[in-house]
Structure formats: C-alpha cells, structure tokens
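S.K.: quick one: sequence plus predicted model below, questions after.
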Amino acid sequence: MKRRLTKRAFIVALVSGLLFIAGSTAQASWLFVIAAGVLGLVVGSLFIRHNLPAASIERSAPRRVRVGDEVRVGVVVTNSGRRALPLLRLGDHHGAFEDSAILVERLKPGQSAHVELVKRAVRRGAFSGGEAVLVSGAPFGFLRSTRTMDVPTEVTVVPRWVELRSFPILEPSSYLADAVHERARTGAGEEFLGVRDYRPGDPPRFVHWRSTARAGHLVVREFEEEVASRVSLVLAGADTGSPPDSAYETLVSAAASIGVYALATGHPVDLVRSAPGGEVEHMGDPDRFALLDWLARARPVDASLEPLVGRALERMGRQGTVVVLAPNTGSAGSSLDAAVRLGQAAGCRVIVVGATASSWLSDTERSPIRETDLSSLAEQRASVRMVARGDDLSRCLGP
C-alpha cells in the first residue's frame with residue numbers, strides 16, 4: 001500500500017505558512033492560531049490509517065464473451081478487518097473490458113458492498129484476471145492511500161463472427177479443377193440419385209415398384225452419398241491498424257465466421273496458425289466453442305504460409321478445402337501464391353481470404369507498405385475474397 005500527501009496538503013501548508021508570516025508582520029495572534037490549526041490538519045493526516053489492507057475484492061464475469069458485446073460484471077468489496085473502511089474509490093481494470101471507477105461507501109467490520117457494472121468487451125483474447133485499485137483520501141483529502149490488488153477473473157473474449165448463408169465449401173465451383181469436390185457419389189444419403197437393378201442385400205424399402213413393373217425384375221433406388229469434406233482454416237500475417245479495428249482482427253473474424261458455418265453444415269474443421277518462434281499450432285476437429293476459444297488466442301505473426309498449408313494437408317483428403325487467411329503484406333502475403341499452388345497440387349480446393357492492409361492506414365503510413373498483387377491467384381483459378389476496412393464481412397465472404 002502506498003501513502004503520500006496530496007497537492008491539496010501542500011497548498012494548505014503553504015497557506016498556513018503565509019498566515020504565520022502575516023501574523024508576524026501584523027502582530028495578530030489570532031492569525032497564529034488559524035495558521036497553527038490549518039497546519040495541524042495536515043500534520044494530523046499523517047497519522048491516519050485508512051485500513052485498506054483489510055479490504056478484499058471479488059469480481060464475477062461471464063466465462064466467455066464476444067468482442068463488442070456488453071455484459072454484466074459484478075464487484076464485491078468486503079471489510080474483513082476490525083476497523084471501518086473509509087470512503088473508497090475503486091478503479092476496476094480488466095484486460096477484456098473497458099476501465100471503470102466506482103465509489104464505495106464507508107464499510108463497517110464484516111460489511112460488504114455489491115456493485116454490478118455493465119461493461120463492453122473491447123479486446124479479443126484469454127485473460128486470467130485484472131487489477132483493482134483502491135484509493136482513499138478521507139477525511140480531508142490531505143493524505144492519499146492507494147492499494148493495488150490482482151483479482152483473478154478468467155474471461156475468454158472470442159472474435160465476432162457473421163452468419164453466412166453460403167460459402168464455396170458447398171457452392172458449385174466454376175473451375176474444372178474443383179469438379180472432384182462436387183461429383184455426386186452413390187451412398188447412404190437422402191438425395192435421390194437414380195435407380196439400378198436389385199443386388200442381394202439391398203433393403204426391401206428401397207425397391208422402386210414402378211420401375212420394377214416396367215422392367216419385369218426388381219429395381220431399387222440409389223441415393224447420393226453425403227460426403228462432408230474437411231475444411232482447414234490457415235491463419236497468419238502481421239497486423240495493421242489498431243485492434244479491434246485492424247486487418248488481423250478482421251481476418252480472425254472471417255475465420256470464425258467460416259468455421260462456424262462449416263461446423264453448422266456438418267464439415268469437420270482443422271485450425272492451423274503460426275506461433276511466435278516459427279512454430280506451427282494445430283487443432284483438429286474442434287466443436288464450436290473450442291474453435292472460438294482457439295481463435296481468441298490467435299496472435300499476429302508474419303510467417304510464410306507454405307509450412308502452415310503443408311501441415312493442413314497432412315489431414316486433408318482430395319475432397320478437402322483449405323481456406324488461407326492472410327493480409328496482402330509481409331511474408332504471409334508474398335507466400336500466398338506458393339501456398340495456393342501447394343494446396344492445389346495436393347488436389348484440394350483452395351480459397352484465399354485476403355485483407356487489404358493499406359485500407360487500415362492513413363495516407364502518410366501507406367507509403368512504406370508493400371502490398372502483394374494477388375491478381376495471379378485468379379490465373380491459378382483460386383477463389384479469392386478480399387476484405388478492406390469498413391467492408392461488410394458477410395458480403396465479402398458470401399457468393
């Protein structure tokens with residue numbers, strides 16, 4: 001706990017000194033009495049103990065929240081000491097939320113104050129806690145005591161996502177190279193594909209009686225096999241702009257939107273990203289919450305995309321889709337062309353979601369930025385979605 005005199009104390013002490021000088025000049029004893037009384041208040045404040053070590057603080061918040069959402073955060077201040085706590089100012093600082101300050105009235109021994117705040121989640125990430133700062137200057141504001149406490153409160157702030165009505169992992173492609181992903185195959189699905197002659201072991205309920213009557217022998221219905229191709233989200237690149245409105249944060253939101261859509265439509269998902277130190281981080285087959293939590297911990301790292309795509313291809317079949325999310329700058333942007341070729345050589349569909357980094361910079365900041373021309377990706381017949389600052393993400397990702 002820190003204790004120090006305030007500016008008010010020095011000003012009052014200066015006034016007291018002036019009164020002493022005035023009393024000496026005017027030979028007015030009453031001025032000496034006033035000066036002594038004023039100075040006594042300042043000196044007496046040095047012996048005040050605000051009993052802040054007796055205060056304990058608890059904070060409650062939702063375990064998971066989305067960037068930009070407002071949530072209720074509860075704060076409880078308890079006096080566990082034997083003396084009363086004075087009037088307090090409580091500054092609540094948590095990495096996930098906006099900073100706030102509240103006034104806590106005088107607490108008797110054993111008494112608690114319950115405060116509920118409405119806060120906005122402003123930063124994506126996983127947070128274990130935050131500081132609470134107690135300040136008291138009671139009773140006159142001449143001496144200020146400050147105590148800083150770390151209050152554990154685990155909160156995971158997941159990225160915002162948009163609801164997609166469609167995405168190319170299900171939509172027909174105009175490229176011949178993607179035909180393998182769309183060719184209907186016979187199997188145990190629900191979509192009617194055609195009829196064929198009966199084979200021993202076929203379920204009787206699949207017999208097509210009209211065709212059987214015309215052919216003179218048993219004919220059964222065939223159904224299209226439901227193949228849920230694997231979707232791999234590859235995320236890398238440096239950041240431009242100021243989070244939460246920045247190029248990398250937009251890519252994370254795009255990854256969350258695509259991942260949520262893929263899971264909702266029955267596609268298994270892989271997640272691959274670059275970690276500090278050149279390592280490759282991977283998560284396979286997450287559910288919705290695990291996917292969002294994994295993206296909440298993503299950090300901008302400018303690295304080549306080829307090792308990341310290579311890791312994604314280890315679990316990818318020829319009917320898989322690799323979605324590469326990167327800005328058009330740095331090592332990630334310059335390696336997009338090679339990453340697309342690598343994925344296509346393995347027989348996968350490759351979709352690029354790129355962020356136009358310069359759109360998050362001012363005119364003076366854009367000059368040293370070198371952006372990669374992604375027009376060559378169209379020549380490789382890769383599907384490209386570009387996102388710039390202020391764009392509607394659902395429109396950029398949609399058909």
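M.R.: The structure has been received and is ready for your questions.

S.K.: I'd say Leu107 and Gly81 touch.
M.R.: No. Applying CB atoms under 8 Å, one finds Leu107 not in contact with Gly81, separated by 9.4 Å. From N, CA and C alone the C-beta is placed, and that goes for glycine too.

S.K.: now for those two: what residues contact both?
M.R.: Listed as contacting both Leu107 and Gly81 by CB atoms under 8 Å, 6 or more residues apart in numbering are Ala55.

S.K.: now do the contacts for the spatially most central residue of the chain.
M.R.: Nearest residue to the geometric centre of the chain (CA atoms, centre = their mean): Arg124, 2.6 Å. By CB under 8 Å, 6+ apart, the contact set of Arg124 is 67, 157-159, 243-244, 249, 252, 296.

S.K.: which of Leu107 and Gly81 has more neighbours?
M.R.: Leu107 (22 against 16; other CB atoms under 10 Å).

S.K.: against which helices or strands is the strand ranked longest in the chain packed?
M.R.: Ranked by residue count, the top strand of the chain under DSSP state E comes out as strand 143-158. Judged by 3 or more CB pairs under 8 Å, 6 or more residues apart in numbering; DSSP states H and E, strand 143-158 is in contact with strand 2-5, strand 55-60, strand 64-66, strand 125-136, helix 288-296.

S.K.: point out where the stretch 201-350 of the chain drops to low pLDDT.
M.R.: For the stretch 201-350 of the chain, applying pLDDT under 70 flags the ranges 223-228, 317-318.

S.K.: show me the contacts for the closest residue to Val76 other than its chain neighbours.
M.R.: Leaving aside its sequence neighbours, Val76 sits nearest to Glu58 (CB to CB, 6 or more residues apart in numbering; 4.5 Å). Neighbour list for Glu58: 75-76, 78, 151 [criterion: CB under 8 Å, 6+ apart].

S.K.: among those, which ones are buried?
M.R.: The neighbour-count test (16 or more other CB atoms under 10 Å) marks 75, 78, 151 as buried among the contacts of Glu58.

S.K.: check contacts around the first one.
M.R.: By CB under 8 Å, 6+ apart, Val75 lies in contact with 57-60, 90, 92, 102, 114-117, 132.

S.K.: filter those residues down to the buried ones, ChimeraX style.
M.R.: The buried residues among the contacts of Val75 can be selected in ChimeraX (16+ other CB under 10 Å) with this line:
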select :57,59,90,92,117,132
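
S.K.: what's the most distant pair in the contacts of Arg124?
M.R.: Val158 and Pro243 (14.1 Å; CB to CB).

S.K.: quick one: which of the two has more around it?
M.R.: Ranked by neighbour count (other CB under 10 Å), Val158 and Pro243 place Val158 first, with 25 against 17.

S.K.: helices of the stretch 51-200 of the chain, start to end?
M.R.: Assigned by DSSP state H, counting those that start in this stretch, the helices in the stretch 51-200 of the chain number zero.

S.K.: in it, which spans are strands?
M.R.: 55-60, 64-66, 70-79, 88-94, 100-104, 112-120, 125-136, 143-158, 186-197 (DSSP state E, counting those that start in this stretch).

S.K.: which one of those strands has the poorest average confidence?
M.R.: When the strands of the stretch 51-200 of the chain are compared by mean pLDDT, strand 186-197 comes last with a mean of 60.

S.K.: mind listing what's buried in the very next helix or strand once past that strand?
M.R.: With elements assigned by DSSP states H and E, the helix or strand that comes after strand 186-197 is helix 209-215. The neighbour-count check on helix 209-215 (16+ other CB under 10 Å) flags 211-212 as buried.

S.K.: out of the strands of the stretch 51-200 of the chain, flag the one nearest Leu5.
M.R.: Closest to Leu5 of the strands of the stretch 51-200 of the chain is strand 143-158 (CB to CB; 5.9 Å).
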